[in-house]
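Predicted model and sequence below, questions to follow.
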Amino acid sequence: MSRFKGLDYYTPAKNKYQLLPFRFEHLSNNEVVLTNAVGEFTYLESSKLEHLVNHQLDPNDPDFQRLRSKHFIRMPEDQAAIDLLALKTRTQYRRLANFTNLHLFVVSLRCDHACQYCQVSRQSEDKEAFDMSVETADKALELVFHSPNPAIKIEFQGGEPLLNFDLVRHIIEKAEKRNLVEKRDLQFVVTTTLSLITTEILEYCRDHRIYLSSSLDGPKDLHNKNRPRPEKDSHKKFVDGLKLAREIVGFDSVSALMTTSPSSLGRVKDIVDEYLKYGFNSIFLRHLSPYGFALKTKSYQSYTVDKWLEFYREGLDYIIQLNKQGIHFSEQYSTIILSKMLSSDDPGFVDLMNPAGAGIAAIVFNYDGDVYASDESRMLHEMGDSTFRLGNVHTSSYEDIFLSDALLDTLENSFTSSVPMCSQCGFEKWCGADPVFHHAMYGDILGRKPESKFCKRTMGVTKHLLQIMRNDAEAKMIFMRWINRC
Amino acid sequence: MLKLSCKAVATYLPTGEKKLFSLSTRPNLPLVLRSQKGFLIQDPRVVPEGFIHYFSFSPEPPQLPDSVGYTLLDPEMRYLDDGDVVRVAQDGSIRVLFRSKSDHNSVLLTEQCNNYCLMCSQPPKRVNDDWIVDDVLELIPLIPRQTQSLGITGGEPTLFAEGLLEILRRAKSLLPRTAIHLLSNGRNFTDISFAQKYAAIGHPDLMVGIPIYSADPARHDYVVQALGAFDETIRGILNLKELSQKVEIRVVIHKQTYEGLPQLAEFIVRNLLFVDHVALMGLEMMGFTRANLDDLWIDPIEYKNHLSEAVRILNVYGIPVSIYNHPLCLINSDMEPFYKKSISDWKNEYAPECASCIRRNDCGGFFSSGIKFGYSKSITPFG
């Protein structure tokens, strides 16, 4: 008789396990993916799902062990499973208590570009009409420092903010002075095409540690087509500006965003290559938004979600191939979703948060002093819909704005854990509420999910990522690298 | 392998049943310091006066006054050196408690344990050994203050909760620059009041190494032969980390644990991302391992890909990770950044196959027990 007991002795008794909260989604006829209360997932044969929920899963089955270790089921005496689920839930929501981080200042609506899909910009010389005033900026800055967040990011938007750079300097210097007392982690970003950049401006950016967020839509012909200037030189302007900005401000202080226009479809490899060529280590394969000129010029309707998903999948597969060849390059939209799938952290991406990021993650101060719940909200306003206008810096207090029904009702009513269909969705923990999008497209902040393009797109991306991780261990390891890149 | 305990050829201990001595080899030590030291005679012609005890390798005792004790040592103890600490008992049993030239000093606090691990290298005994705590309290003042690190092991050192806390307090006061590495199964830290007392000591450089053998509670409980151990260990770790204590996770790899390594790594990055270090360790052929060899032994070459996958996952999530107790030729080459020469110097050897290897100096080699009782057939000297 051995002093030691066998594995059997420690294996749980049959039918004694308890179900922890989980949801599931069919991947194929014979396979489901299960997600637990904090978004951990595991694949399971469809036939076993019924065994599982009927408490008939065999404790010796490796699936049983996996489900127990990943907190889908527990034995009645497993206390740690509950403690860990609670800890992971707290971790995912930890940013919420800090409240607003990102503060967008629309310092001018004027722009030197005439992009077909742009939401808001104006080709106008009338400085008075479309530039933010010093008084407005000062009032907005007061509201910024009302935020309890220890980290404050101020992002200058337009139009082209460099057309009102004097005001940008004014805001930055005033914020810096105020911060000597406030001691927040203060960051500045200027969103610019780089076409009007000068050495002097860049040296200013260097001295004040300002990041530059720019746009690159792809190779020269595509970029120039999407982003027309009268001189037909927006690509050259970008490339020259990028080089100069990297030399003066720093290589990593300039980033670029791309927008998928109808002309981009079928050219995703060219676009990725263009990013590679200019030394970027990631790309955001971003779909068009249904706002402003994109809607007016029918760009938004010019491709379907399926077409975009095709574009995205081809791009992602190409990027994975690059990584397998040793090129470290990531896709940012996937990375946001993968972070939620593969870690206990929530990246806090404004368009994919729950509760929605509107107001509580980001807030917009428009050139005229109007305050909006998000960048999309002010674009909606430009289209004549002021639902998400929360107030005006000249007439509203911080409390008026952040306790407004327009904001609070929106947040509460769009909380995905209680939204019809979202609350049952196996991917809910990886998704987010986008009330502004749904309001814009469907006239209410929820929409009907089977008709929602947001839902279709996110489901499509998520299922693709699940398939890749199911079949390709090397790709899964690449994904793990992406989400952990600093 | 160094013999850390043995019988003296003869011993004369005029006071008390047992005593701890800090050794000196320096005949010119100032007289005022000699009364605190035992003298290790290296040249029989040089026997300076004034030390409290004398250690000699000669067959005959040195000429000494009656009030002064002596111990005649087995030649196997020739490695003893200046600054070492030994315990001598009336019955002639000798134990080397501290070696000043070694980076691998550790003190065993108890042989009792509430786990009963299949591969325990130090099988637990149900004996009352609470006297050891007093021994260690006596040892700490004798340890040189410049000592880099000190391990505290068992058995399960937290079984004597108050004793352990007192030792840690004493170490903090008397050895403030010495890193302390405690080996525990973590279960007793489930008691939050104990964890709080432990944290309240505020030791500047204290880490506790806690084993987790599988992400599956049943398998972990089987390996440590204790029902419910996984649950307590995890809750203990959570308490420690909530109190900002340093925690290392230690995984011994063998036939019962190697397949689950990648899953365990995923469990750690998802649930315990805040731990300070993960050590993935080879099996030591000591104690219970030899009794359970059929259930435990697997050639490391067979699990090297499991090991690589686990290390890659932990590393990519930013958890410091190390591979301990493996010969260099049995791991994948991309694992070398994580490879540590980890086997304590006194039980570290190389196999005959290693004679021609050009990378011996990079390699941690084997446990002496491995050389004696069996090791991988896949050893391939680098050439």
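Noted; the coordinates are in hand.

quick check, distance from the host helix or strand of A:L180 to the centre of its chain.
A:L180 is part of helix A:165-182 when elements are defined by DSSP states H and E. Centre-to-centre, helix A:165-182 and its host chain are 27 Å apart (C-alpha atoms, centre = their mean, to the nearest Å).

Over to stretch A:364-377?
Using C-alpha atoms, centre = their mean, the mean C-alpha position of stretch A:364-377 is found 18 Å from that of the whole chain.

ok, now stretch B:140-156?
Stretch B:140-156 sits 10 Å away from the centroid of its parent chain (C-alpha atoms, centre = their mean).

The stretch 1-150 of chain B: strands as residue ranges?
Using DSSP state E, counting those that start in this stretch, the strands of the stretch 1-150 of chain B run over B:5-7, B:10-12, B:18-24, B:37-40, B:53-56, B:69-72, B:85-89, B:93-98, B:106-108, B:149-153.

cool, and the stretch 201-350 of chain A?
With DSSP E, counting those that start in this stretch, the ranges of strands along the stretch 201-350 of chain A come out as A:210-215, A:254-259, A:282-283, A:285-286, A:330-331.

Mean pLDDT and mean neighbour count for these - can I get that in TSV?
Every residue, glycine included, has its C-beta placed from N, CA and C. Output for these, formatted as TSV (pLDDT from 0 to 100; neighbours: other C-beta atoms under 10 Å in any protein chain shown):
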stretch	mean pLDDT	mean neighbour count
strand A:210-215	96	20
strand A:254-259	95	20
strand A:282-283	97	20
strand A:285-286	94	20
strand A:330-331	98	22
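
will you turn those strands into a markdown table that also has distance to B:D231?
Formatted as a markdown table, the strands of the stretch 201-350 of chain A follow (distance: least, C-beta to C-beta, whole Å):
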| stretch | distance to B:D231 |
| --- | --- |
| strand A:210-215 | 46 |
| strand A:254-259 | 45 |
| strand A:282-283 | 41 |
| strand A:285-286 | 44 |
| strand A:330-331 | 38 |
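
right, and those - which one's nearest A:S423?
A:S423 sits nearest to strand A:285-286 of all the strands of the stretch 201-350 of chain A, at 27.6 Å, using C-beta to C-beta.

Name every strand pairing with the closest one and say which way it goes.
strand A:254-259 (parallel) (DSSP bridges).

Just give me how far the strand it pairs with sits from the chain centre.
Remark: strand A:254-259 is offset 14 Å from the chain centroid, using C-alpha atoms, centre = their mean.

Lowest average pLDDT across the strands of the stretch 1-150 of chain B?
For the strands of the stretch 1-150 of chain B, mean pLDDT drops lowest on strand B:5-7, to a mean of 88.

The closest residue to A:E182 other than its chain neighbours: neighbour count?
Nearest non-adjacent residue to A:E182, counting by C-beta to C-beta, 6 or more residues apart in numbering or on different chains: A:F145, 5.9 Å away. Applying other C-beta atoms under 10 Å in any protein chain shown, we find 17 other residues in the vicinity of A:F145.

show me the contacts for A:F145.
Neighbour list for A:F145: A:152, A:178, A:182, A:184 [criterion: C-beta atoms under 8 Å, 6 or more residues apart in numbering or on different chains].

Please determine how far the nearest residue to the last one once chain neighbours are set aside is located from chain B.
Nearest in space to A:R184, with sequence neighbours left out and distances taken as C-beta to C-beta, 6+ apart, is A:I152 at 4.6 Å. Between A:I152 and chain B the distance is 26 Å, computed by C-beta to the nearest C-beta, to the nearest Å.

Just list whatever residues bridge to A:I152.
A:L186.

Equivalent analysis for A:A362, please.
Taking DSSP bridges, one obtains A:L102, A:A358 as the residues bridged to A:A362.

what about it, how many residues close to it?
23.

do you know how far it is from B:G155?
Using C-beta to C-beta, to the nearest Å, A:A362 is found at 56 Å from B:G155.

Show me the shaky parts of the stretch 251-400 of chain A.
For the stretch 251-400 of chain A, the stretches flagged by pLDDT under 70 are A:292-300.

brain fart, the stretch 51-200 of chain A
Residues of the stretch 51-200 of chain A meeting the criterion pLDDT under 70: A:119, A:123-125.

where do the helices sit along it?
Taking DSSP state H, counting those that start in this stretch to define them, one finds helices in the stretch 51-200 of chain A at A:62-69, A:79-92, A:127-130, A:134-144, A:165-182, A:199-207.

Contacts for the fifth one, please.
When you say that, I think you mean helix A:165-182. By C-beta under 8 Å, 6+ apart, the list of residues contacting helix A:165-182 from outside reads A:105, A:107-108, A:131-134, A:137-138, A:141, A:144-145, A:154, A:156, A:161-162, A:186, A:188, A:190, A:201, A:204, A:208, A:210.

Could you do the fourth one as well?
Counting contacts by C-beta under 8 Å, 6+ apart, the residues outside helix A:134-144 that touch it are A:103, A:105, A:107, A:152, A:154, A:167, A:170-171, A:174-175, A:178, A:363, A:365, A:367-369, A:371, A:393-394, A:398, A:401.

Buried among the residues you listed? Make that a ChimeraX selection.
Buried subset of these, written as a ChimeraX selection, criterion 16 or more other C-beta atoms under 10 Å in any protein chain shown:
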select /A:103,105,107,152,154,167,170,171,175,363,365,367,368,369,371,393,401
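
By neighbour count, which bits of stretch A:79-89 are buried? Give me those.
Within stretch A:79-89, the residues scored as buried using 16+ other C-beta under 10 Å are A:80-81, A:83-85, A:87-88.

Which of these sits closest to chain B?
Closest approach to chain B among the buried residues of stretch A:79-89 (C-beta to the nearest C-beta): A:A80, at 3.9 Å.

Distance of the nearest residue to B:A10 once chain neighbours are set aside relative to chain A?
Spatial nearest neighbour of B:A10, excluding adjacent residues (C-beta to C-beta, 6+ apart): B:L72 at 4.5 Å. B:L72 is 40 Å from chain A, where distance means C-beta to the nearest C-beta.

Can you name the residues bridging to B:L72?
With DSSP bridges as the rule, B:L72 is bridged to B:A10, B:S56.

Up against chain A, what does chain B have?
B:116, B:118, B:214-219, B:221-222, B:225, B:227-228, B:230-231, B:234-235, B:238, B:256, B:263, B:267, B:269-271, B:273, B:288, B:291-292, B:312-313, B:316-318 (C-beta under 8 Å from any C-beta of the partner chain).

go again using 7 Å as the cut-off
Residues of chain B lying close to chain A (C-beta under 7 Å from any C-beta of the partner chain) are B:118, B:215-219, B:221-222, B:225, B:227-228, B:231, B:234-235, B:238, B:263, B:267, B:270-271, B:273, B:292, B:312-313, B:316-318.

Does residue 108 have any beta-bridge partners, and if so which?
Just going to use chain A. Beta-bridge pairing of A:S108 under DSSP bridges involves A:D131.

my question was about chain B
Judged by DSSP bridges, the bridge partners of B:L108 are B:T153.

what's the domain layout of chain B?
Chain B is divided into the following domains under automatic domain parsing: B:5-98, B:106-373.

Any chance of TSV for these, columns mean neighbour count?
Output for the domains of chain B, formatted as TSV (neighbours: other C-beta atoms under 10 Å in any protein chain shown):
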stretch	mean neighbour count
domain B:5-98	16
domain B:106-373	19
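
which of those domains has the lowest average pLDDT?
Taking the mean pLDDT of the domains of chain B, domain B:5-98 comes last: a mean of 92.

Nearest to the spatial middle of the chain, which residue is it?
Went with chain A since none was named. Centroid check for chain A by C-alpha atoms, centre = their mean gives A:F349 as the closest residue, at 3.6 Å.

That was the other one, I meant chain B.
B:S106 (4.7 Å).

thinking that residue is in contact with B:S149, fair?
No. B:S106 sits out of contact with B:S149 when judged by C-beta atoms under 7 Å, with a separation of 9.0 Å.

I'd say B:G282 and B:N325 touch.
Yes. Contact status for B:G282 versus B:N325: in contact at 3.4 Å, counting by C-beta under 7 Å.

For the nearest residue to B:S368 once chain neighbours are set aside, which residues are in contact?
Distance criterion C-beta to C-beta, 6+ apart; nearest residue to B:S368, sequence neighbours excluded, is B:M1 at 3.6 Å. Contact analysis of B:M1 by C-beta atoms under 7 Å, 6 or more residues apart in numbering or on different chains lists B:346-347, B:349, B:368.
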